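Novice: Here is a sequence together with a model predicted from it:
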Amino acid sequence: MDRLSQIRLLIEAEMAGLPTERHDPSQGLPLQVVSFGADEVTAALECMLTTWVTMGPKVREFEAAWAKWCGASHGVMSNSGSSANLLMLAAMVETGRLQRGDEVLVPAVAWSTSLFPVQQCGLVPVLVDVHPDTLCMDPAAAKAAMGPRTKAALAVHMLGQPTRVDALKELGLVVLEDACPAPGAEIAGLGRAGSMGHAGSFSFFFSHHITTVEGGITVTNDAELANAMRSLRAHGWVREREDKSVWEKKHPEIDPRFLFVSSGWNLRPTEMAGAMGLIQLGRLSPWLERRRENHRHWCELLAPLAPKLRCFPMRPGETHAAFSFAMLLQKGIERAPVMAALESSGIATRPISGSNLARQPAFERVPGARVGGPLPVADAVHERGFFVGNSHAFHAGHGAILASRLQEILS
């Protein structure tokens, strides 16, 4: 047996039982379980043994596979979901799809790096309220917030719930999707998250559906936009662009290895991340089905607790990605004691994303940002919303523990 085979056997022995496929509910409800195992570690190690560790063929293979899975033509991997958002918005400006000073609608309930890249790219973020049944951008609130400079909307698929991209398009807006927590979310007739709008971003952070440890990707059907992202991702050079020969012919006096055609950052992923992503993608579909079953079952179990506690069931014509399980307490019930009681029982909790971003101190430091109208639902989420973890490794036993503990707390 050669040395590499021996190493593989050692890794398999060391990581036996991983990824976790069935979690014991007696250990509580963590926010995530270990979702990678020996195959991912071996794939990453094999990259290191070749000594090709920077972005290369494994990244390109994963980009193509992920784009195909989403129903898009192009994928541009980056070092995080936040970077994927930044690249998506910057490329919209770089290609002239948006102009500096244009307004972009952003749901008031979102993650911080759904908001910040809008301003960082010279665009003006406008916060709008979310829909009470989805916690995603409310098309009616979006319409009311629009002004003469409003050109686009960033649809955040909150915790796996798809935003009504079609309703935002009907307002004449360019729609970009922050699908970081929503791989596999769908709307009947529109397609999967990431492919419903002009472009869509995803995250592969450790606690997400699948992981490359850190990592993200943006998908699109717009070849020019994809090429712009490839330059912006890596110093502004042409190296990974599909149209690089065109630029090389335009500038024959410059060595094509160091030909820069735009501004840029260094937001590249590693080759190990691409290799891990390829293994993880093969696990995703069955894992999604388990998450969705948990979501459906937990909504049923907790329905008797209404109106003290509200859940958010999957809606007709929509497919939830079931990233985590969101709940909203009735007005008058304090959130902190409920969350503390759950935590004391081993049930991890978090506020819903950044909650109402207009109430975060950082919002005051986003130049030009404005609030596009009243935010009653975002305020309710800010004060009374929370979530618990969901996982492919959870099952009915976890739902039973969650329902039992909430019944005790709320009674």
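Specialist: Received the coordinates, thanks.
Novice: For the worst-scoring helix or strand of the chain on mean pLDDT, enumerate the helices and strands it packs against.
Specialist: In the chain, the helix or strand scored least confidently by mean pLDDT, DSSP states H and E is helix 3-14, which has a mean of 93. With contacts defined as 3 or more C-beta pairs under 8 Å, 6 or more residues apart in numbering; DSSP states H and E, helix 3-14 has these neighbours: helix 38-50. The way it works is simple: take the backbone N, C-alpha and C, and place the C-beta from them, glycine included.
Novice: so where do the helices sit in the stretch 251-400 of the chain?
Specialist: For the stretch 251-400 of the chain, the helices defined by DSSP state H, counting those that start in this stretch occupy 271-302, 335-344, 376-384, 396-410.
Novice: Let's have the ones you listed in JSON lines, adding distance to residue 264.
Specialist: Formatted as JSON lines, the helices of the stretch 251-400 of the chain follow (distance: least, C-beta to C-beta, whole Å):
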{"stretch": "helix 271-302", "distance to residue 264": "19"}
{"stretch": "helix 335-344", "distance to residue 264": "42"}
{"stretch": "helix 376-384", "distance to residue 264": "34"}
{"stretch": "helix 396-410", "distance to residue 264": "44"}
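Novice: Kindly reformat those helices as TSV containing distance to residue 42 and mean neighbour count.
Specialist: Below are the helices of the stretch 251-400 of the chain laid out as TSV (distance: least, C-beta to C-beta, whole Å; neighbours: other C-beta atoms under 10 Å):
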stretch	distance to residue 42	mean neighbour count
helix 271-302	9	20
helix 335-344	36	14
helix 376-384	42	21
helix 396-410	30	17
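Novice: Mind checking those for the one nearest to residue 43?
Specialist: Nearest to residue 43 among these is helix 271-302 (4.0 Å), distances taken as C-beta to C-beta.
Novice: Kindly calculate the angle that that closest one makes with helix 38-50.
Specialist: Angle, helix 271-302 to helix 38-50, by axes from the mean of the first three to the mean of the last three C-alpha atoms, to 10 degrees: 160 degrees.
Novice: Would you mind giving the helices of the stretch 251-400 of the chain as CSV with mean pLDDT added?
Specialist: Below are the helices of the stretch 251-400 of the chain laid out as CSV (pLDDT from 0 to 100):
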stretch, mean pLDDT
helix 271-302, 98
helix 335-344, 98
helix 376-384, 98
helix 396-410, 98
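Novice: Of the ones you listed, which is nearest residue 134?
Specialist: Across the helices of the stretch 251-400 of the chain, closest to residue 134 is helix 376-384 (C-beta to C-beta), at 9.8 Å.
Novice: which residues are contacting the closest one?
Specialist: Outside helix 376-384, the residues that touch it by C-beta atoms under 8 Å, 6 or more residues apart in numbering are 107-109, 127, 129-132, 135, 138, 328-331, 333, 335, 351-352, 355-356, 358-359.
Novice: so the residue nearest the centre of the chain, which of the three states?
Specialist: The centroid of the chain falls nearest to residue 180 when counting by C-alpha atoms, centre = their mean (0.6 Å). Following DSSP: H, G, I helix; E, B strand; the rest coil, residue 180 is assigned to coil.
Novice: Quick check, it in contact with residue 201.
Specialist: Yes. The pair residue 180 / residue 201 is scored as a contact, 5.9 Å apart, by C-beta atoms under 8 Å.
Novice: Show me the common contact partners of these two, please.
Specialist: Shared contacts of residue 180 and residue 201, defined by C-beta under 8 Å, 6+ apart, comprise 81, 84, 85, 216.
Novice: circling back to that earlier point, hey, what's the angle from the least confident helix or strand of the chain to helix 38-50? Just curious.
Specialist: 150 degrees.
Novice: contacts for helix 3-14?
Specialist: 38, 41, 42, 45, 46, 49.
Novice: To what extent is the closest residue to the last one other than its chain neighbours buried, counted in neighbours?
Specialist: The reference is to residue 49. Nearest residue to residue 49 in three dimensions, chain neighbours excluded: residue 4, at 7.3 Å (C-beta to C-beta, 6 or more residues apart in numbering). Here the count is done by other C-beta atoms under 10 Å, and residue 4 has 12 residues near it.
Novice: Over to residue 331?
Specialist: Neighbour tally, residue 331, other C-beta under 10 Å: 9.
Novice: Against residue 307, how distant is it?
Specialist: 9 Å (C-beta to C-beta, to the nearest Å).
Novice: same question, residue 74
Specialist: 46 Å.
Novice: care to break the protein down by domain?
Specialist: 41-277, 284-410 (automatic domain parsing).
Novice: Off-centre distance for the last one?
Specialist: What separates the centre of domain 284-410 from the centre of its chain is 16 Å, taken as C-alpha atoms, centre = their mean, to the nearest Å.
Novice: what distance separates the start and the end of it?
Specialist: Start and end residues of domain 284-410 are separated by 35 Å (C-alpha to C-alpha, to the nearest Å).
Novice: now the longest one
Specialist: The separation between the terminal residues of domain 41-277, taken as C-alpha to C-alpha, is 11 Å.
Novice: on that earlier part again, buried subset of the contacts of helix 3-14?
Specialist: 38, 41, 42, 45, 46 (16 or more other C-beta atoms under 10 Å).
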